[in-house]
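> the sequence and its predicted three-dimensional model are supplied below.
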Amino acid sequence: MSRSEELFQAAQIHIPGGVNSPVRAFKGVGGTPIFFKRGQGAYLFDEDDNKYIDYVGSWGPMILGHCNTAVIDAVKASLDNGLGFGAPTEIEIEMADKVCDIMPSMEMVRMVSSGTEATMSAIRLARGFTKRDKIIKFEGCYHGHSDSLLVKAGSGMLTLGEPSSPGVPASLAEHTITLTYNDIDSVRNAFSECGDQIACIIVEPVAGNMNCIPPVPGFLEGLREVCDEYGTVLIFDEVMTGFRVALGGAQAVYNIKPDLTTLGKVIGGGLPVGAFGGKKEIMSHIAPLGPVYQAGTLSGNPLAMAAGLTMLNAISAPGFYEQLSAKAELLTQGLEAVAMANGVPFTTSQVGGMFGLFFTDQTQVTSFSETMVCDANKFSAFFHGMLEQGVYLAPSAFEAGFISAAHTQEDIEATIAAADRVFATL
Ligand code: PMP
């Protein structure tokens, strides 16, 4: 029995399912989750001393690779001053200034400790600001696990969302309208039915939780237009795309200014951080400036701020995103070429440092329904084959992949060569 298998058995005694977040359990791909003990640059090392080229990057934050010296040193330096005070610190100002500088749509920003907290708080703020209850989200987008967002489309078309998890009250879910990503007509229809009751639209500007699906031309522009028309708050959930698809996030790539933005992952440099912010007019409704309540014992924690700020400074270097994108493109183009050579129906998507892998004969995947009919069994076989070859991909056919600045051309070429061998077995 491998050490990972032993640990997985031990983990299941006191941890539900042996993991502290469900996707880690390998349910979608089968088999035993790998237990890691160390990361360095583009590599992960497991408890059995196997080495992997890592394309998960802690689900996004590790954009500089694991154990980046500048980030680790900044945390070590902060450590000696104490772990946190629950009182204001200077580094919080530096962080806020930096974020608002990188993302000009954000005039004010509040730090929290996870992406879930960021989206939950942004929605409360949008509701408090507009004095409306309904919200719109899109099928296949994930915005964390707060009650209003664990909702799927009900059978009655537009109205009455249904809880997608037990424990979410139906009386809350009914305020969430779930529409079709990349389908602006579904949005216009919803607004013509009840636009004056809709507090906000929350959207992943590049969807990264149903594989990786970029917005079709006109979709984000259309969202901006209807929000302007109805006085609805447009929230870009850039927890994944922020500092990932470009320094300024998807809002910079597609040139659309949301009213509020939510951030996570990269902004914490690997420590637990989230943030939400946007127009001053809206953000001034947050306590203590305004009446909408929001708080956090560990918010703005100095260690987390030190890691995140060092990360943001490093990725602000000129040419960083050009290089990151070029690497991701080299990878996706290379994978497509070897898939084709082996006669495997396969395509990819890529925006900046994130990418998607689709086992399908379509050349492009633009919707939730298209991603759902991709061959999940083939993906599982590919995933396990790549694992044996020393490549760690996200253990689910419906997650985006992430590349880091630490990945070298040799790493990418080795990954493509590994995929060539695995595709040949599919
Ligand atoms: N929004 C998006 C777009 C995400 O991808 C995630 C997490 N993958 C979240 C929100 C929730 O973030 P967290 O897991 O930090 O709560």
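Noted; the coordinates are in hand.

> now for the helix ranked longest in the chain, which elements pack on it?
Looking across the chain with DSSP state H, the single longest helix is helix 320-341. In terms of contact count using 3 or more CB pairs under 8 Å, 6 or more residues apart in numbering; DSSP states H and E, helix 320-341 is assigned the packing partners strand 347-351, strand 354-358, helix 409-423. Every C-beta, even on glycine, is put in place using the N, C-alpha and C of the backbone.

> let's have the ones you listed in CSV, adding distance to E6 and mean pLDDT.
Formatted as CSV, the entries for the helices and strands packed on helix 320-341 read as follows, by distance: least, CB to CB, whole Å; pLDDT from 0 to 100:
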stretch, distance to E6, mean pLDDT
strand 347-351, 36, 98
strand 354-358, 31, 98
helix 409-423, 27, 98
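
> quick one: contacts for R124?
For R124, the contacting residues are V292, Y293, Q294, taking CB atoms under 8 Å, 6 or more residues apart in numbering as the criterion.

> just the closest of these to the ligand, please.
For the ligand, the nearest member of those is Q294. The distance, counting by CB to the nearest ligand atom, is 15.4 Å.

> hmm, that closest one is touching A122, no?
No - with the criterion set as CB atoms under 8 Å, Q294 and A122 do not qualify as a contacting pair; they are 9.5 Å apart.

> more neighbours: these two, which one.
Between Q294 and A122, counting by other CB atoms under 10 Å, A122 is the more crowded of the two (33 against 19).

> does the closest residue to the more buried one other than its chain neighbours sit in a helix, a strand or a coil?
Closest residue to A122 apart from its sequence neighbours, by CB to CB, 6 or more residues apart in numbering: F276 at 4.3 Å. State at F276, reduced to three classes by DSSP: H, G, I helix; E, B strand; the rest coil: strand.

> how much space separates F276 from the ligand?
Using CB to the nearest ligand atom, to the nearest Å, we find F276 at a distance of 11 Å from the ligand.

> confidence score at that residue?
On the pLDDT scale, F276 is placed at 98.

> residues touching it, list them.
If a contact means CB under 8 Å, 6+ apart, then F276 has V109, R110, V112, A118, T119, S121, A122, L125, L260, T261, T262, L263 as its contacts.

> what of F398?
Taking CB under 8 Å, 6+ apart as the definition of contact, the neighbours of F398 are G28, N209, M210, N211, T371.

> most neighbours among those residues, please name it.
N211 (27 neighbours).

> for that residue, helix, strand, or coil?
coil.

> ok, the closest residue to it other than its chain neighbours to the ligand distance?
Sequence neighbours aside, G356 is the residue nearest to N211 in space, at 4.2 Å (criterion: CB to CB, 6+ apart). Per CB to the nearest ligand atom, G356 is found 13 Å from the ligand.
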